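A.B. asks: Turn this into a model:
(chains A, B, C, D, E and F)
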Number of protein chains: 6
Amino acid sequence: MTTALCPGSFDPPTLGHVDVLRRALHIFDKVVVGVVANPSKAPLFTLEERAALVDELFDGQIEVVGFDGLLVELASELGATALVKGLRESADWEYEIGMAHMNRHLTGIETVFLPTAAEYRFVSSSLVKEVWRLGGDVAALVPEPVMAALASKQEP
Amino acid sequence: MTTALCPGSFDPPTLGHVDVLRRALHIFDKVVVGVVANPSKAPLFTLEERAALVDELFDGQIEVVGFDGLLVELASELGATALVKGLRESADWEYEIGMAHMNRHLTGIETVFLPTAAEYRFVSSSLVKEVWRLGGDVAALVPEPVMAALASKQEP
Amino acid sequence: MTTALCPGSFDPPTLGHVDVLRRALHIFDKVVVGVVANPSKAPLFTLEERAALVDELFDGQIEVVGFDGLLVELASELGATALVKGLRESADWEYEIGMAHMNRHLTGIETVFLPTAAEYRFVSSSLVKEVWRLGGDVAALVPEPVMAALASKQEP
Amino acid sequence: MTTALCPGSFDPPTLGHVDVLRRALHIFDKVVVGVVANPSKAPLFTLEERAALVDELFDGQIEVVGFDGLLVELASELGATALVKGLRESADWEYEIGMAHMNRHLTGIETVFLPTAAEYRFVSSSLVKEVWRLGGDVAALVPEPVMAALASKQEP
Amino acid sequence: MTTALCPGSFDPPTLGHVDVLRRALHIFDKVVVGVVANPSKAPLFTLEERAALVDELFDGQIEVVGFDGLLVELASELGATALVKGLRESADWEYEIGMAHMNRHLTGIETVFLPTAAEYRFVSSSLVKEVWRLGGDVAALVPEPVMAALASKQEP
Amino acid sequence: MTTALCPGSFDPPTLGHVDVLRRALHIFDKVVVGVVANPSKAPLFTLEERAALVDELFDGQIEVVGFDGLLVELASELGATALVKGLRESADWEYEIGMAHMNRHLTGIETVFLPTAAEYRFVSSSLVKEVWRLGGDVAALVPEPVMAALASKQEP
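C.D. replies: Residues are numbered from 1 along each chain as shown, chains lettered A, B, ... in the order given. Coordinates of the predicted model:
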């Protein structure tokens, strides 16, 4: 049985995330989302909120865990076959490839890159939040439950 | 009538900015500079100072407005035909193209990229400030009024 | 009056080309397509066929000329305000920026880059031809008249 | 059951190819190598030789097929879950991502990118052949059977 | 006599740094390491600790100085022939090339780029610290004295 | 004594080449230009013409040799300390870094990259020839002896 571990902040999950996770489900027997507990920037949503949103979007098809330590240790605990990362063109390719080499160095774990669908290439969580904070309409960029969650936050 | 909206922090305007704005004036009937009121890093010059510097450099040929919200809303208010961005090689191309797609998604506005003149490719406001703060000579990189404005600041 | 000169091989025109040309029409008073007579690779369509296809697609809104010499000379003859190039992510950015600097060096002409719509970023004439030659379906990637023109060619 | 289709010219297979294929075997239940019959450049080894070399290297663990048409059709015939490509830093990332989007457009097939091991990042078949043709020692860059196959060719 | 000035934070020195400095010693008569006193991020090691580590690693072969001002001024004081920077693939190439042009503009000093050894391409000080803080094993990525120095710090 | 080997086609030498070679002379005790006898594309100038042009430009300060085999073998024969390559932004960075790693793998030789002066970043031999063949003025891009040599060729 193959298991994919998909790490990220998911603050909040976007349609780009949903696209990559759907595709990971085609390739791996089991997909686990690892939600970074404390991202380097203060998150808009709590760990619990972010985990619950991912969970709701995939309705049990995907296991969701929060984590706070070394990604490769979580991967070992889960017996993960590979790490899976979506690769937007705007992603920091160099950063991701460096992390992939480091992670392989640490425990031998593979990283698998899935190119994001062309129509979501410009959709990152941080850009979505930036637009939303300024009052822009992001309804076409995030799933419905995320729109509801955004509406419940004070900011705009 | 075509109108270009050129957004930026202009903290301070450099000869690279001047070059791009001069070229935008060749292409568009009207050029408006949109000065970001609150850039993500604390600016050296106030919004008023930055706007005044751009205004002085173009002597009425260019309209200057400060803004604090969504760039595409300002573009709509102004009836702008397109956003115009200079593209230094050292610019974060991926970031700019992501913003361009996002802005087109939001209101359909085009983004036009003008390559910065080769001799100014390494001239960014932040690098100019970094060199100036350490006492380096930036007189060949910024217009004269900016040199005068820098001299009036305490730092070096 | 501003005039854009849009150079290319257009062998054949794709929906990506159509998208960029439509957008150039928003920005410039007049758009001229310059079809390269003798591209470095032997073209599938003759110069006449390629020019006729572009002409048909825009129904008189766009002037189409073939050319065989220096692009900047054509630009001077036409009194063009700027060269316009679509910029797919997959485009050879470095090549285009080098050409832009060279052309500016030769006659001072500006080059304006328009980012291709996200959904057409992978659509180049050469990839369309490669897929079509192997029997793949390219109907969603080129305008209808181009599909008809492809059908009239022997290859697949 | 998941099946990976790994396309390429394999002219000849390098240690970089071997590394990527070994890793594909960890992730997928079955790995098929699709050897391009007629690469754009005239190959050094015949299709039969290239296929036999890949076969020998993996000793039955990997299925090897030659193909001449559209990659996505081969993928459909094989019922492949995904295409797998190694991604050297020196690879034409833009080209690969364009192909991935095109292939997804044509049949919905995913492309999975595996980063090549750091120590093989500079090892491409074409660079290996270039060095070998000039008499350089490539023994540390290709598997033993490939060294033997190279020795049997006339060139150096 | 030629002198290379190699600037950096060295917080801490990695095997990638050691590799680049060894190679600089082959090319230049004298190599000076310039340790940035106050990097933009708060360093883990003090300036004295960082300088002492570099010094210990090269055992007198390399001169080590801390500095706080303009790099090109230090270069002038030292009579340096050139600045030397290692270039990992993951390095911010655009940033480095911009700095090189700026420094050449300021005093005419050259910048020489040495590509980092392939096996260290993913080894940056900041990634090493990130892994170490989370309890990962970095012994294969830094020299022995740095492992000892890390052990004496409280964090993990 | 340090020796730099600067390989290239020099078909013809440009002001960009001259700039890089002048800077190599500041860093190395001796500079040797290695002119590729048979570049992959048929050259405009013969090996003898290209070597004579480089020789004339540096008036004995630089040794010029033609070569036909493995670059690293020439480097070994010359006892070269390092290979030196100019790095235009438009250069194929990935290609150059791959070659640098391969050459280091073959004999341990270093490659040193010097960034081309900003004003010559768009000046390549091939673009100069393309413009010249179409009748464009390249006098500001190549040294005077090259202009004379171009004039003696039939093409435009």
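A.B. asks: Need the pLDDT of residue A:90.
C.D. replies: At residue A:90, the pLDDT value in this model is 61.
A.B. asks: Just the helices from chain A, written as ranges.
C.D. replies: Applying DSSP state H to chain A gives helices spanning A:15-27, A:47-58, A:71-78, A:93-107, A:125-133, A:144-151.
A.B. asks: For chain A, name the helix or strand with the lowest mean pLDDT.
C.D. replies: When each helix and strand of chain A is scored by mean pLDDT, DSSP states H and E, helix A:93-107 comes last, with a mean of 90.
A.B. asks: Just checking stretch A:25-39 against chain D, any contact.
C.D. replies: Yes: applying Cβ under 8 Å from any Cβ of the partner chain, one finds stretch A:25-39 touching chain D at A:26-28. Yep, even glycine has a C-beta here, placed from its N, CA and C like the rest.
A.B. asks: How about that stretch, which residues are buried there?
C.D. replies: A:27-28, A:30-36 (16 or more other Cβ atoms under 10 Å in any protein chain shown).
A.B. asks: do stretch A:59-75 as well
C.D. replies: If you call a residue buried by 16+ other Cβ under 10 Å, then stretch A:59-75 has these buried ones: A:62-64, A:66-67, A:70-72, A:74-75.
A.B. asks: Find the pair from those with maximum spatial separation.
C.D. replies: By the measure Cβ to Cβ, A:62 and A:70 form the most distant pair in those, at 21.7 Å.
A.B. asks: now chain A, which segments are flagged as low pLDDT?
C.D. replies: Counting by pLDDT under 70, the ranges of chain A that qualify are A:89-91, A:154-156.
A.B. asks: Give me every residue in it lying close to chain E.
C.D. replies: Contacts of chain A with chain E, taken as Cβ under 8 Å from any Cβ, map to A:69-70, A:72-73, A:94-95, A:97-102, A:105-106.
A.B. asks: Now a PyMOL select for only the buried ones of those.
C.D. replies: Buried residues among these (16+ other Cβ under 10 Å), as a PyMOL selection:
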select buried, chain A and resi 70+72+94+97+98+99+100+101+102+105+106
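A.B. asks: about what we covered before: can you say which of the helices of chain A is nearest to residue D:20?
C.D. replies: helix A:93-107 (12.5 Å).
A.B. asks: pretty sure residue A:13 contacts residue A:149?
C.D. replies: No: the pair residue A:13 / residue A:149 is not scored as a contact, 9.6 Å apart, by Cβ atoms under 8 Å.
A.B. asks: Name the residues that touch stretch A:121-138?
C.D. replies: With Cβ atoms under 8 Å, 6 or more residues apart in numbering or on different chains as the test, stretch A:121-138 has contacts from A:9-17, A:41, A:44, A:88-90, A:116, A:141-142, A:147, A:150, A:155-156, B:69-70, B:72-73, B:97-102, B:105-106, C:89, C:118, C:121.
A.B. asks: again, only this time at 6 Å
C.D. replies: By Cβ atoms under 6 Å, 6 or more residues apart in numbering or on different chains, the surrounding residues in contact with stretch A:121-138 are A:11, A:14, A:16, A:44, A:88-89, A:141, A:150, A:155-156, B:69-70, B:98, B:101-102, B:106, C:118.
A.B. asks: how about residue A:38, what does it touch?
C.D. replies: Under the criterion of Cβ under 6 Å, 6+ apart, residue A:38 has no neighbours.
A.B. asks: Quick check: the residue of chain A nearest chain E.
C.D. replies: Chain E sits closest to residue A:101 of chain A, with a gap of 3.6 Å, by Cβ to the nearest Cβ.
A.B. asks: Which residue is the nearest non-sequential neighbour of that residue?
C.D. replies: In space, and not counting its chain neighbours, residue A:101 is closest to residue E:122: 3.6 Å by Cβ to Cβ, 6 or more residues apart in numbering or on different chains.
A.B. asks: neighbours of that neighbour, just the number please.
C.D. replies: The local packing of residue E:122 (other Cβ atoms under 10 Å in any protein chain shown) involves 26 other residues.
A.B. asks: Ramachandran angles for it?
C.D. replies: The phi/psi pair for residue E:122 (degrees, to the nearest 10) reads phi -100, psi 10.
A.B. asks: what about the nearest residue to residue A:70 once chain neighbours are set aside, how many neighbours?
C.D. replies: Leaving aside its sequence neighbours, residue A:70 sits nearest to residue E:134 (Cβ to Cβ, 6+ apart; 4.2 Å). When neighbours are defined as other Cβ under 10 Å, residue E:134 has 15 of them.
A.B. asks: ditto for residue A:147
C.D. replies: When counting by other Cβ under 10 Å, one arrives at 16 neighbours for residue A:147.
A.B. asks: ok, now which ones touch it?
C.D. replies: By Cβ under 6 Å, 6+ apart, residue A:147 lies in contact with residue A:139.
A.B. asks: likewise residue A:106?
C.D. replies: Applying Cβ under 6 Å, 6+ apart, we find residue A:106 in contact with A:72, E:136.
A.B. asks: quick one: it from residue E:141, how far?
C.D. replies: Distance of residue A:106 to residue E:141, given as Cβ to Cβ, to the nearest Å: 10 Å.
A.B. asks: Find residues that contact each of the two.
C.D. replies: Joint contacts of residue A:106 and residue E:141 (Cβ under 6 Å, 6+ apart) do not exist.
A.B. asks: any idea how far chain C is from the closest residue in space to residue A:53 that isn't next to it in sequence?
C.D. replies: Once flanking residues are discounted, residue A:53 sits nearest to residue A:13: 5.4 Å by Cβ to Cβ, 6+ apart. According to Cβ to the nearest Cβ, to the nearest Å, residue A:13 stands 20 Å off from chain C.
A.B. asks: Correct me if wrong: residue A:13 contacts residue A:51.
C.D. replies: No: counting by Cβ atoms under 6 Å, residue A:13 does not reach residue A:51; the two are 10.1 Å apart.
A.B. asks: Neighbour count: these two, which is higher?
C.D. replies: Legend: neighbour count by other Cβ under 10 Å for residue A:13 and residue A:51, higher for residue A:13 (27 against 19).
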